[in-house]
Structure formats: C-alpha cells, structure tokens
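K.L.:
Provide a 3D model corresponding to the input given below.
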Amino acid sequence: MKHYTRQDIENIYGDLMKSAHTNYARYRLGDALIDIETAANWAYNFNHIYTDEDAEQLLMQIGEMAIEPVQIEKPKSDHCVLIDSFLLDNRGLSQQYLRAMMANNMHILVVYTNAGGAIGKDTLCELKAYDKTEIVTFTKGIDKFEEAKQIVKLIKAFSPAHIFLHLTPWDTIALMACHAIKGPKVYQINLTDHAYWLGARFIDYSLEFRPYGMTVSLEKRGLRREQILGLPYYPITPVSADFAGLPDMPDDAVKVFTGGSLYKMLGKDDIFFRIMEIILGIAPNVYIMVAGFNEDQHFDEKVCTIRGKERVLQIGVRKDIDSVFERCDIYLGTYPMAGGLMSQYAAKHGKPIIAYHDEGDVMNEVGEVINHYNHDFHSFTSLEEMSRYAERLVRDLEYRKSQGQVLHDGMMTAKRFNSAFMATISGQKSQFKWNPDEIDYDSFFERYLDLENNNGFCTTRSLVRTQKLGVFSKVKGYNKNKLEAISYAIKNTPPTACYGGCYHV
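P.N.:
Got it, this is the predicted structure:
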C-alpha cells in the first residue's frame, strides 16, 4: 500500500472544495453542503489546516441563499441557547455549561442538531428536572435547510442574549442558523481545540479550556485576543452508572489505571508499552488496568511483547469511570497522545499521575488541563526521571497520597466553574490569563498522517462512505494502481484498528 503524503491530503481537501463550489454554482445546495462537511471531516482528521476562509465564506453564501435573516431587537440577558451536536453523558462539555446556566438561574433553550440521535439519559433527566429549559430535537431524515430554518425561528422567539455552540467540526446546520440571527453574542465552546473546525468566522468569542487551544485560535484560526475567553472545565460525576467491578487482584496490589481511545497509545516506536513494562517491573504487586475499548487484537499483540504482560488487565469501556478512579492508586497517562479528561478525573479523585511527553510537545502537556489554580504538576520528558517518580509512588504510600492531594487542590471545580462562567459572559472578559504555547504544527500533522497510513485508514473509510472512490480519481497523482491500493486497504483493514472520534478532551 502506498501511503499518503501531505500533498495527497491537501489535494483531496482541495478537490472536495472544488466540488462544493461547482455544486453551489449549479444551485445544488444540498450537495454543496455534503462536500463542505466531508472536507471539514477530512481536515479535522489530519489538521493540515485549522480553518478555511473559503469554506466558511461558501457556507455563509449557501445559508444566505436558503435562510431568511432575522434580527433579535431586545435580547434577554438571562436567556441562553445551547446548540449541541452531542449531548452525551460524561463526555464533551455539554453538562458543564448546562449546569453553569442552571446554577445561575438562566432560561435555557437546548437545540440538539443530531437528527434522530439520542440525548444522554442523565443529561436529559437533568434538563427535564429544570423548569426553565426548553429542549428541541429533530426527526431523522429532515432536510438540512429546513432544520436550520426551524432553529432560526425558535431562537428568534426565545430572544436570547447568548448562543453557545458545542458542535462537531463539520456541523453546517448550526452555523447557517447562527449566521442568519443578528443580536445575540455567539460563543464557540472549543471542545476540539487542537484541531480543524468550521465556524471561526461565525462566532464572536471562543471559550478555551487551556493555553494550547488559545494559541491555535490566535495563530491558525485568525481570532483576535479579545475574542479569546479562557475557561477551563472540570470532569462530570456520572449520575446513574453503577460500579461494574474490577478483575481479581491480590490484596496488596498497587492498581495503576490507564485508558482512552486506542490510537492514543499507538505509534512512536511503541513507547507506551515500554512505559507499561517499566512500571510493571517496579514490583511484582503492580497491576495495570486498561479501559476505553473492548478486546483488540492490535493491543493484545503489543502487550504480548512486554515483561509482566499477565498483570495487564483490560476492563473494557466503562460508564462507571468515577468508581474505577476511586479504587485505583495511580493514573498512567497515555502516550503519544495524552488524555485530558482522564487526567482530570485522576486529579479530581486525588490520584497521582505518571505522564510522559516529548520535549516541546505542548499538546500533550497534562499540566495544562489540571494546573488551573497552581502549577505543581508537570509531565516528564525523560523516561529515567519518570521511572524514578513512578517507583517512589509505588513504594511510598504517604508520598502517593500527598502527590494526589496537590493535583486535587489545583483543579477547576463545579463551584468555581459556575462562578467563572457567569463572570465571563457578563463582561465578555477572560477570567484566566495564559501565555501562548510554542507549537510544532508540522510534527502534529505528521502524527495524524502516520495514524492514517499505519493504523486503519479510518478517515478514508469515512470519506468513501459519502463520496465513493470516485473522489480520488479527480485528484492529481492518483493513478489506477494507487486507487486499487486504497480500495484494498479500506476493505481489508479491520475496523478495530480505527482511531477516529471527536472527543479529544
């Protein structure tokens, strides 16, 4: 199989946008939307760019052709709209922002744009229990433009002062609706802060949860400093998930917990599996529990190469993540991509964190997502130093507890978040002041290119589902042999090797 190059990625994106313009010129607006969404999905999975003025301008033009603009003359300061593509329990940032609105006694209109999808059970119960909430969903198969028109109509009647966007990076429906509405302030909840997303020209403010996302927004999305509102998040405590138990381990076991999407552990010469081997080698009573995916051949093959493999225990996809953290002793961060939300759960429960990242790789500096009110934690760039720290955590119970308490004390909490949220939107002023990061964007792109080339071709699978292989035939350099190789790869690579997903927090 011939691997993709950067030029291939750029050519495919450019071809999709050419198709979008062609469809727009021929008044095939629905087809043009599909092209824009597919191009955005493609860009999100590679991050060769972080915004595209051409795509956003075309989306604005499509919206203006299809949707009548409205003006909200007197926005109500205590009325908030959340337009959400997800509304999942314990994932993303929907619950944090909704709870902040509730805590501040706001009237809330929730618009769920995933037509035919299901709102998380806990989230739905919480919304229904709050008597100042309206919830809007759409039936599967509704026309995209009709959905956008209905959203505009509903928001106009609600007359909010604030509209919050919590979207997939390719949600054209929400953006077209917001573009048609004048009056309220529009805030992007920057969930996928490391990646490409549509919408930079559609918003007034970007709510950032760490310096990395702020830096990308300033350097790559064209946002101004006054549009950046720093507001770190906190991890949600699951409401309805019962504890599902843990595998049998000795009474004196030191339980190290790690987890997340499999792609966060793959690549970079399998260093993550070497780190697991180092930790297992500290003492025979060290066990590593791995969550986030069900049994996977790719993972099993890697684990089989390390000493102590019999003490690596897979515990699957867990809804009771809080309960697992309560019962573990140490959290091991993933590499080469860190898990921000998992690290926050560890800090919330006062569990020390072992984390390693490459020198200069600020994207995976765990301290950015847990050092909200102090600066006491830093992940390691030396395996030797990391190993010494890990050994002390394993062997010294009091030290282990004290390290966990430091992380707990420096974290954002629900109470702190609710207060900071209100202060932020009242004056459109950031409550946190950060210095920009120094980001190696080329290295970051190469990471995603490597994932696509070596671990599943998942983005290609997604593209082919909407555009078919014909999209490649129009791209310069894609001869018959290469097309056949791509076709073979996407048909014969096991789906379990896929790494995709939109939840990088």
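K.L.:
In contact with the residue lying closest to residue 211 once chain neighbours are set aside, which residues?
P.N.:
Sequence neighbours aside, residue 434 is the residue nearest to residue 211 in space, at 4.0 Å (criterion: C-beta to C-beta, 6 or more residues apart in numbering). For the C-beta atoms, the positions are set from N, CA and C on the backbone; glycine is no exception. Residue 434 makes contact with 210-211, 214, 230, according to C-beta atoms under 8 Å, 6 or more residues apart in numbering.
K.L.:
Would you mind giving the secondary structure of residue 434?
P.N.:
coil (DSSP: H, G, I helix; E, B strand; the rest coil).
K.L.:
For residue 348, see how far away it is.
P.N.:
For residue 434, the distance to residue 348 (C-beta to C-beta, to the nearest Å) stands at 22 Å.
K.L.:
for residue 132, same thing?
P.N.:
In terms of C-beta to C-beta, residue 132 sits 28 Å off from residue 348.
K.L.:
so what's the backbone phi/psi at the residue nearest to residue 211?
P.N.:
phi -120, psi 150 (degrees, to the nearest 10).
K.L.:
Report pLDDT for it.
P.N.:
Per-residue pLDDT puts residue 434 at 96.
K.L.:
and if you look at residue 375?
P.N.:
87.
K.L.:
Same question for residue 79.
P.N.:
98.
K.L.:
ok, it touching residue 162?
P.N.:
Yes. Between residue 79 and residue 162 a contact is recorded at 7.5 Å, counting by C-beta atoms under 8 Å.
K.L.:
What average pLDDT does stretch 350-365 get?
P.N.:
95.
K.L.:
can you give me the end-to-end distance of it?
P.N.:
Stretch 350-365 has an end-to-end distance of 19 Å (C-alpha to C-alpha, to the nearest Å).
K.L.:
mind listing what's buried in that stretch?
P.N.:
Under the neighbour-count criterion of 16 or more other C-beta atoms under 10 Å, stretch 350-365 has 350-357, 361-365 buried.
K.L.:
hey, where'd the strands end up in the stretch 301-450 of the chain?
P.N.:
Assigned by DSSP state E, counting those that start in this stretch, the stretch 301-450 of the chain shows strands spanning 312-316, 330-332, 353-354.
K.L.:
Same list (these) but as JSON lines, adding distance to residue 199.
P.N.:
Listed next are the strands of the stretch 301-450 of the chain as JSON lines, based on distance: least, C-beta to C-beta, whole Å:
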{"stretch": "strand 312-316", "distance to residue 199": "35"}
{"stretch": "strand 330-332", "distance to residue 199": "33"}
{"stretch": "strand 353-354", "distance to residue 199": "33"}
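K.L.:
and of these, who's closest to residue 223?
P.N.:
Among those, the nearest to residue 223 by C-beta to C-beta is strand 353-354 (30.8 Å).
K.L.:
Tell me which residues are up against that closest one.
P.N.:
Against strand 353-354 from outside (C-beta under 8 Å, 6+ apart): 256, 275, 279, 330-333, 343, 346-347, 366, 370, 377, 379, 386, 389-390, 393, 407.
K.L.:
Check stretch 130-138 too.
P.N.:
Applying C-beta under 8 Å, 6+ apart, the set of residues contacting stretch 130-138 is 102, 105-113, 115-117, 119, 124, 127-128, 147, 150-151, 154, 158.
K.L.:
Now which of those would you call buried?
P.N.:
102, 106-113, 119, 124, 127, 147, 150-151, 158.
K.L.:
so which pair among those residues is furthest apart in space?
P.N.:
102 and 147 (26.0 Å).
K.L.:
Over to residue 138. Which of the three states is it?
P.N.:
coil.
K.L.:
quick one: contacts for the closest residue to residue 119 other than its chain neighbours?
P.N.:
The shortest distance from residue 119 to any non-neighbouring residue, by C-beta to C-beta, 6+ apart, is to residue 87 (4.4 Å). Counting by C-beta under 8 Å, 6+ apart, residue 87 makes contact with 94, 110, 112, 114, 117, 119-120, 123-124.
K.L.:
Could you tell me which of these are located in helices?
P.N.:
94, 123-124 (DSSP state H).
K.L.:
Out of those residues, the closest to residue 169 would be?
P.N.:
Closest to residue 169, out of all of the ones in helices among the contacts of residue 87 and judged by C-beta to C-beta, is residue 94, at 15.9 Å.
K.L.:
list the contacts for the closest one?
P.N.:
Here residue 94 is in contact with 82, 84, 86-88, 123, 166 (C-beta under 8 Å, 6+ apart).
K.L.:
Go ahead and confirm residue 324 touches residue 290.
P.N.:
No. Using C-beta under 8 Å, residue 324 is not in contact with residue 290; the gap is 11.0 Å.
K.L.:
can you list residues touching both of these two?
P.N.:
residue 315.
K.L.:
So which of the contacts of residue 94 sit within helices?
P.N.:
Using DSSP H, the contacts of residue 94 in helices are residue 123.
K.L.:
For the contacts of residue 94, which two are the farthest from each other?
P.N.:
Maximum distance among the contacts of residue 94 (C-beta to C-beta): 13.3 Å, for 82 and 88.
K.L.:
Looking at these two, which is more packed in?
P.N.:
Applying other C-beta atoms under 10 Å to residue 82 and residue 88 shows that residue 82 carries more neighbours, namely 24 against 18.
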